[in-house]
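Sequence isn't available, so here's the structure alone:
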């Protein structure tokens, strides 16, 4: 008698891997370095050749995002290349809006703040969660990268607002944001919502890194800088970033492990966290009320 083929369980779907890294101390280090590198690189390209700056900033951003979106899982080189190019592109976007329109940094900071809030609201209503551990579908990844671009532009405008418009200078501005970024860390340690504290800290990394990069690069007459130059600061930051990302690519210590999920972005995806380590981790829970599929 001929065998009847076994039917697959109707809810079974191929597993989907997370497209973003596990959040470790090294994640924050590389993130801050990319913000500083992006600020210095954008200023260097802008003062060297505007056409070249546009090609590198816009073209590099498009190339990096295209390469990242083609991946089926998180890969350190692809991911951090995308972040680095967004750092350059986000600076260009913020600076162009200020220069071309003549709007003050108060206005541009408020504008990008509204853009970030709109994206967070849209993402949350569409997907039910802002937890980066749920970035396992194409739609969620698009929300993620759109939000990342907006946070870079916001951070650039806010950093220039405090350092230049408010006349704090770049070093005091950087120290201000260093204190500010400690607030969500302490709040998280005390039990505050990890997703909310993660995103607050993420936004603050941009003005933090950019302020210190400007302090090192700019002349003393501009925000009290050291005067090393945008080119050297960009090069040094880039070398350190490449070394750290190469380490992550080899060690794979920031790769989230998967348990399965759905590929179409229409439902939540259960994700198993990476093995515990000695590094503190941030934002490993979903927002209150998120679908159970996003929880460990």
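Happy to help now that I have it. Treat the numbers as computed from the prediction; the structure is a model and nothing was measured. Numbers count the residues shown, from 1 in each chain.

From now on I want contacts and neighbour counts done on CA atoms only, so please keep to that.
OK.

Spatially nearest residue to residue 89, not counting backbone neighbours?
residue 57 (4.9 Å; Cα to Cα, 6 or more residues apart in numbering).

any chance you could map the strands in this protein?
Remark: strands assigned in the chain by DSSP state E are 257-258, 271-272.

now the residue nearest to residue 89: how far from residue 228?
Computed as Cα to Cα, to the nearest Å, the residue 57 to residue 228 distance reads 22 Å.

Looking at those two, which one has more neighbours?
Using other Cα atoms under 10 Å as the criterion, residue 57 and residue 228 rank with residue 57 on top: 25 against 15.

from what I can see that one touches residue 87, true?
No: the criterion here is Cα atoms under 8 Å, and residue 57 misses it with residue 87 at 9.0 Å.

Contact partners for residue 157?
When contacts are counted by Cα atoms under 8 Å, 6 or more residues apart in numbering, residue 157 touches 94, 95, 105, 108, 109.

surely the first one meets residue 154?
Same thing as residue 94. Yes: contact status for residue 94 versus residue 154: in contact at 7.3 Å, counting by Cα under 8 Å.

shared neighbours of those two, anything?
residue 108.

Just want to know which of the two has more residues nearby.
Neighbours were counted for residue 94 and for residue 154 using other Cα under 10 Å; residue 154 has more, 29 against 23.

List the residues that contact the closest residue in space to residue 223 that isn't next to it in sequence.
Excluding its sequence neighbours, the residue lying closest to residue 223 (Cα to Cα, 6+ apart) is residue 169, at 4.2 Å. Counting by Cα under 8 Å, 6+ apart, residue 169 makes contact with 162, 163, 215, 222, 223, 224, 225.

so what's the backbone phi/psi at the fourth one?
It refers to residue 222. phi -110, psi 90 (degrees, to the nearest 10).

Next, the contact list for it, please.
Counted by Cα under 8 Å, 6+ apart, residue 222 has contacts residue 169.

how near is it to residue 167?
10 Å.

residues touching residue 204, list them.
Residue 204 touches 155, 177, 180, 181, counting by Cα under 8 Å, 6+ apart.

can you pull the contacts of residue 210?
35, 36, 37, 38, 39, 40, 156, 159, 174.

Let's see that with 7 Å instead.
Neighbouring residues of residue 210 by Cα atoms under 7 Å, 6 or more residues apart in numbering: 35, 36, 39, 156, 159.

Over to residue 208?
174, 177, 178.

how about 8 Å then?
Here residue 208 is in contact with 32, 35, 159, 173, 174, 175, 177, 178 (Cα under 8 Å, 6+ apart).

so which of the residues you listed is the most crowded?
residue 35 (32 neighbours).

residue contacts, it?
84, 87, 152, 205, 206, 207, 208, 209, 210.

Residue 194 versus that one, what's the distance?
22 Å.

Same question for residue 41.
32 Å.

Looking at the contacts of residue 35, which are in helices?
84, 87, 152, 205, 206, 207, 208, 209, 210 (DSSP state H).

Could I get the phi/psi values of residue 218?
Per degrees, to the nearest 10, the backbone of residue 218 is at phi -80, psi 160.

Tell me if I'm right that it and residue 231 touch.
No: using Cα under 8 Å, residue 218 is not in contact with residue 231, being 10.6 Å away.

which of the contacts of residue 210 lies closest to residue 53?
Using Cα to Cα, residue 39 comes nearest to residue 53 of the contacts of residue 210, at 12.3 Å.

residues in contact with that closest one?
Contacts of residue 39 by Cα under 8 Å, 6+ apart are 87, 88, 91, 156, 210, 213, 214.

Could you give the number of residues near the nearest residue to the second one once chain neighbours are set aside?
Nearest residue to residue 88 in three dimensions, chain neighbours excluded: residue 38, at 4.2 Å (Cα to Cα, 6+ apart). For residue 38, the number of neighbouring residues by other Cα under 10 Å comes to 32.

Surely residue 38 is in contact with residue 87?
Yes: between residue 38 and residue 87 there is a contact under Cα under 8 Å: 4.4 Å.

returning to that earlier point: among residue 218 and residue 231, which residue is more densely surrounded?
residue 218 (21 against 17).

which residues touch that one?
Going by Cα under 8 Å, 6+ apart, residue 218 touches 224, 225, 226, 227, 228, 229, 230.

OK, contacts around the residue nearest in space to the middle of the chain?
In the chain, the centroid-proximal residue (Cα atoms, centre = their mean) is residue 148; its distance is 4.8 Å. Residues counted as contacts of residue 148 (Cα under 8 Å, 6+ apart) are residue 86.
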